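Engineer: Pasting the sequence and the predicted model now:
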Amino acid sequence: MTNAPPRLRVLFDEATIQRRVHELADAIAKAEPKDLLVVAVLKGSFMFAADLIRALHRAGLSPQVEFIHLSSYRAATVSSGRVEILRDVESDVRGRDVLLIDDILESGRTLVFAKDLLMARGARRVLTAVLLEKPGKRAVTIDADFVGFVCPDVFVVGYGMDVGHSYRQLPFVGVVTTDDEPDLFEAAS
Ligand code: IMP
Ligand code: MG
C-alpha cells in the first residue's frame with residue numbers, strides 16, 4: 001500500500017486536443033450535414049462537445065444542440081452491460097442529420113444504443129464523433145465516423161471524464177497514477 005497522493009500523467013495535452021478538435025470539425029463539415037442536430041452524450045462528453053460545437057461554427061456549420069444522459073451499467077461480466085436513458089433529447093430528430101458526440105468508444109454499447117434510438121425515431125443520418133477510441137474492447141460492432149485519438153487500454157480522466165466524479169475540469173486527458181515517473185503532473189486537490 002502506498003499513501004502517495006494521486007498524480008496524473010498527461011496523455012493528450014490541451015494544445016494537441018484543440019488542434020485535433022479543429023481537424024475533426026473540418027472533416028465533419030466536409031460530410032455536408034443537412035439540418036444538423038448535435039446530440040452530446042452526458043456527462044463525459046460535455047467539454048469535448050463544447051469545443052467541437054464551437055469548432056463546427058468556425059467550420060461554417062450552424063448546428064442545433066441537444067443532450068442525452070446515458071448510463072451504462074456493468075454486472076459481473078462485460079457482456080451483461082446495458083444502457084439506460086437518464087435524460088432524453090427534447091427535439092424531434094425526424095428527417096434530420098444528427099451528430100452524436102461521446103467521450104470514449106469502448107465496448108460500443110453506449111454509441112450503438114444512442115445511434116439505434118435516433119435512427120428508430122426517424123433521423124435521416126446519424127454520424128458519430130468520439131474523442132477517444134480504445135481498440136480491442138468492442139463488444140458490439142460499431143466504428144465511429146470521427147475519432148479524435150486512439151487511446152491505450154488504461155482508465156483515463158480529464159477533459160470531461162471522471163473517476164468518482166473528480167477530474168472532469170482538467171483541460172487535458174490524463175491517467176491517474178501513484179508512481180513516480182518524471183513527467184507527472186501534480187493533481188490539484
Ligand atoms: P461503451 O463504449 O458503451 O463501453 O462506453 C464507453 C463509456 O464508458 C464512455 O462514454 C465513458 O463514459 C465510459 N468510459 C470508458 N472508459 C473510460 C475511461 O477510461 N475513463 C472514463 N470513462 C470511461
Ligand atoms: Mg460516457
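Structural biologist: Yep, that arrived. Ligands and ions are numbered 1, 2, ... in the order given.
Engineer: Tell me what residue 39 is bridged to.
Structural biologist: Beta bridges link residue 39 to residue 66, residue 100, judged by DSSP bridges.
Engineer: That one - how many residues pack around it?
Structural biologist: Residue 39: 27 surrounding residues under other CB atoms under 10 Å. Glycine gets a C-beta too; all of them are placed from N, C-alpha and C.
Engineer: If I follow the layout properly, it ends up in contact with residue 118?
Structural biologist: Yes. With contacts counted by CB atoms under 8 Å, residue 39 reaches residue 118, the gap being 6.9 Å.
Engineer: Give me the pLDDT for residue 128.
Structural biologist: If you check residue 128, the pLDDT there is 98.
Engineer: Any buried residues in the helix or strand encompassing residue 15, and which?
Structural biologist: According to DSSP states H and E, residue 15 maps onto helix 14-30. Of all the residues in helix 14-30, those buried under the rule 16 or more other CB atoms under 10 Å are 17, 20, 21, 22, 24, 25, 28, 29.
Engineer: go on, stretch 127-142?
Structural biologist: By neighbour count on 16+ other CB under 10 Å, the buried set for stretch 127-142 is 127, 128, 129, 130, 131, 132, 133, 134, 138, 142.
Engineer: give the contact list for residue 135.
Structural biologist: Neighbouring residues of residue 135 by CB atoms under 8 Å, 6 or more residues apart in numbering: residue 150.
Engineer: how would you label it: helix, strand or coil?
Structural biologist: The three-state label given to residue 135 by DSSP: H, G, I helix; E, B strand; the rest coil is coil.
Engineer: Run through who's touching stretch 164-179.
Structural biologist: If you take CB under 8 Å, 6+ apart as the criterion, stretch 164-179 is touched by 2, 4-14, 17, 43-44, 46-47, 131-132, 151, 154-163, 184-185, 187.
Engineer: Return the subset of those lying in strands.
Structural biologist: With DSSP state E as the criterion, strands contain 7, 8, 9, 10, 11, 12, 131, 132, 156, 157, 184, 185 from among the contacts of stretch 164-179.
Engineer: Rank those residues by pLDDT and give me only the lowest.
Structural biologist: Looking at these by pLDDT, the weakest one is residue 184, with 47.
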